[in-house]
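**Q** Below are the sequence and a predicted model; questions follow.
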Amino acid sequence: MNTQIRNQKHRESGFTLIELIMVIVILGILAAVAVPKFADLSSEAEQASADGIAGAIMSASATNKAVCTVSSGHNDCVSLAACADVTNILEGGLPADAAMSGTYPACIVTIGSMTASATVIQP
(Lines give C-alpha, C1' and ligand atoms only; values in the text may rest on other atoms or scores of the structure.)
Protein backbone atom coordinates (compact mmCIF):
# COMPACT_ATOMS: atom_id res chain seq x y z
CA MET A 1 0.00 0.00 0.00
CA ASN A 2 2.85 2.29 0.80
CA THR A 3 4.33 1.88 -2.70
CA GLN A 4 1.03 2.81 -4.39
CA ILE A 5 0.90 6.14 -2.57
CA ARG A 6 4.52 6.80 -3.40
CA ASN A 7 3.93 6.06 -7.12
CA GLN A 8 0.94 8.40 -7.24
CA LYS A 9 2.96 11.24 -5.72
CA HIS A 10 5.77 10.88 -8.29
CA ARG A 11 3.45 10.70 -11.27
CA GLU A 12 4.28 13.63 -13.55
CA SER A 13 1.57 15.69 -15.16
CA GLY A 14 1.77 18.00 -18.14
CA PHE A 15 0.56 18.54 -21.69
CA THR A 16 0.78 15.78 -24.23
CA LEU A 17 2.36 16.34 -27.62
CA ILE A 18 -1.06 16.16 -29.30
CA GLU A 19 -2.42 18.92 -27.04
CA LEU A 20 0.54 21.17 -27.79
CA ILE A 21 0.20 20.58 -31.54
CA MET A 22 -3.52 21.41 -31.40
CA VAL A 23 -2.82 24.68 -29.60
CA ILE A 24 -0.22 25.62 -32.23
CA VAL A 25 -2.67 24.79 -35.04
CA ILE A 26 -5.43 26.89 -33.45
CA LEU A 27 -3.05 29.83 -32.97
CA GLY A 28 -1.98 29.51 -36.61
CA ILE A 29 -5.58 29.63 -37.80
CA LEU A 30 -6.32 32.66 -35.63
CA ALA A 31 -3.22 34.44 -36.94
CA ALA A 32 -4.15 33.66 -40.55
CA VAL A 33 -7.61 35.17 -40.02
CA ALA A 34 -6.46 38.23 -38.04
CA VAL A 35 -3.48 39.38 -40.14
CA PRO A 36 -5.49 40.45 -43.23
CA LYS A 37 -7.78 42.54 -41.05
CA PHE A 38 -4.85 44.59 -39.75
CA ALA A 39 -2.75 44.66 -42.91
CA ASP A 40 -4.54 47.56 -44.61
CA LEU A 41 -5.04 49.93 -41.71
CA SER A 42 -2.60 52.57 -42.98
CA SER A 43 -5.03 53.94 -45.59
CA GLU A 44 -7.80 54.08 -43.00
CA ALA A 45 -5.46 55.90 -40.63
CA GLU A 46 -4.57 58.46 -43.33
CA GLN A 47 -8.27 59.04 -44.04
CA ALA A 48 -9.04 59.45 -40.33
CA SER A 49 -6.18 61.92 -40.03
CA ALA A 50 -7.46 63.97 -42.98
CA ASP A 51 -10.99 63.91 -41.54
CA GLY A 52 -9.66 65.03 -38.16
CA ILE A 53 -7.79 67.97 -39.63
CA ALA A 54 -10.85 68.97 -41.67
CA GLY A 55 -12.92 68.87 -38.47
CA ALA A 56 -10.33 70.98 -36.65
CA ILE A 57 -10.42 73.53 -39.48
CA MET A 58 -14.22 73.80 -39.36
CA SER A 59 -14.16 74.13 -35.58
CA ALA A 60 -11.42 76.76 -35.67
CA SER A 61 -13.26 78.75 -38.34
CA ALA A 62 -16.45 78.69 -36.26
CA THR A 63 -14.50 79.88 -33.23
CA ASN A 64 -12.86 82.59 -35.33
CA LYS A 65 -16.28 83.71 -36.59
CA ALA A 66 -17.54 83.91 -32.99
CA VAL A 67 -14.51 85.95 -31.92
CA CYS A 68 -14.95 88.31 -34.89
CA THR A 69 -18.65 88.74 -34.12
CA VAL A 70 -18.21 89.38 -30.40
CA SER A 71 -15.14 91.58 -30.50
CA SER A 72 -15.33 93.67 -33.65
CA GLY A 73 -12.09 95.49 -34.33
CA HIS A 74 -10.17 93.26 -31.91
CA ASN A 75 -6.79 91.79 -32.82
CA ASP A 76 -7.92 88.20 -32.12
CA CYS A 77 -10.08 88.12 -35.25
CA VAL A 78 -8.26 86.54 -38.23
CA SER A 79 -9.41 87.57 -41.69
CA LEU A 80 -9.73 84.70 -44.15
CA ALA A 81 -9.66 85.19 -47.92
CA ALA A 82 -8.21 81.91 -49.20
CA CYS A 83 -7.78 78.31 -48.12
CA ALA A 84 -4.13 79.02 -47.37
CA ASP A 85 -5.24 81.59 -44.75
CA VAL A 86 -7.11 78.89 -42.84
CA THR A 87 -3.82 77.53 -41.49
CA ASN A 88 -3.44 80.81 -39.57
CA ILE A 89 -6.41 79.96 -37.34
CA LEU A 90 -5.05 76.52 -36.41
CA GLU A 91 -2.80 76.52 -33.39
CA GLY A 92 0.48 75.12 -34.68
CA GLY A 93 -0.71 75.28 -38.29
CA LEU A 94 -1.17 72.28 -40.53
CA PRO A 95 0.84 69.12 -39.91
CA ALA A 96 3.92 68.75 -42.11
CA ASP A 97 2.40 65.96 -44.22
CA ALA A 98 -0.88 67.83 -44.88
CA ALA A 99 -1.70 70.20 -47.72
CA MET A 100 -4.57 72.65 -48.32
CA SER A 101 -6.23 73.30 -51.65
CA GLY A 102 -9.60 74.21 -53.05
CA THR A 103 -11.58 77.38 -53.58
CA TYR A 104 -12.37 79.31 -50.40
CA PRO A 105 -14.60 78.61 -48.44
CA ALA A 106 -14.66 74.97 -49.65
CA CYS A 107 -11.16 73.88 -48.69
CA ILE A 108 -9.71 70.40 -49.22
CA VAL A 109 -7.21 68.79 -46.85
CA THR A 110 -4.87 66.23 -48.42
CA ILE A 111 -2.71 63.75 -46.52
CA GLY A 112 -0.93 61.21 -48.68
CA SER A 113 -3.56 60.01 -51.14
CA MET A 114 -6.53 60.77 -48.87
CA THR A 115 -8.62 63.93 -48.98
CA ALA A 116 -11.27 65.50 -46.78
CA SER A 117 -13.33 68.63 -47.37
CA ALA A 118 -13.78 71.43 -44.87
CA THR A 119 -16.32 74.20 -45.31
CA VAL A 120 -14.85 77.30 -43.70
CA ILE A 121 -17.18 79.76 -41.99
CA GLN A 122 -16.37 83.25 -43.17
CA PRO A 123 -15.88 85.88 -40.45
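**A** The structure has been received and is ready for your questions. A quick note: this is a predicted structure, and the numbers were derived from the prediction, not measured.
**Q** just checking, what packs against the longest helix along the chain?
**A** Ordering each helix of the chain by length in residues (DSSP state H) puts helix 41-70 first. The contact analysis (3 or more CB pairs under 8 Å, 6 or more residues apart in numbering; DSSP states H and E) places helix 41-70 against strand 98-103, strand 106-111, strand 114-119. For glycine as for every other residue, the C-beta is placed from the backbone atoms N, C-alpha and C.
**Q** now the angle from it to strand 98-103?
**A** Interaxial angle, helix 41-70 versus strand 98-103 (axes from the mean of the first three to the mean of the last three CA atoms, to 10 degrees): 60 degrees.
**Q** Dump the helices and strands packed on helix 41-70 to JSON lines, plus mean neighbour count, distance to residue 66 and mean pLDDT.
**A** Converted to JSON lines, the helices and strands packed on helix 41-70 look like this (neighbours: other CB atoms under 10 Å; distance: least, CB to CB, whole Å; pLDDT from 0 to 100):
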{"stretch": "strand 98-103", "mean neighbour count": "15", "distance to residue 66": "22", "mean pLDDT": "88"}
{"stretch": "strand 106-111", "mean neighbour count": "20", "distance to residue 66": "19", "mean pLDDT": "91"}
{"stretch": "strand 114-119", "mean neighbour count": "17", "distance to residue 66": "16", "mean pLDDT": "90"}
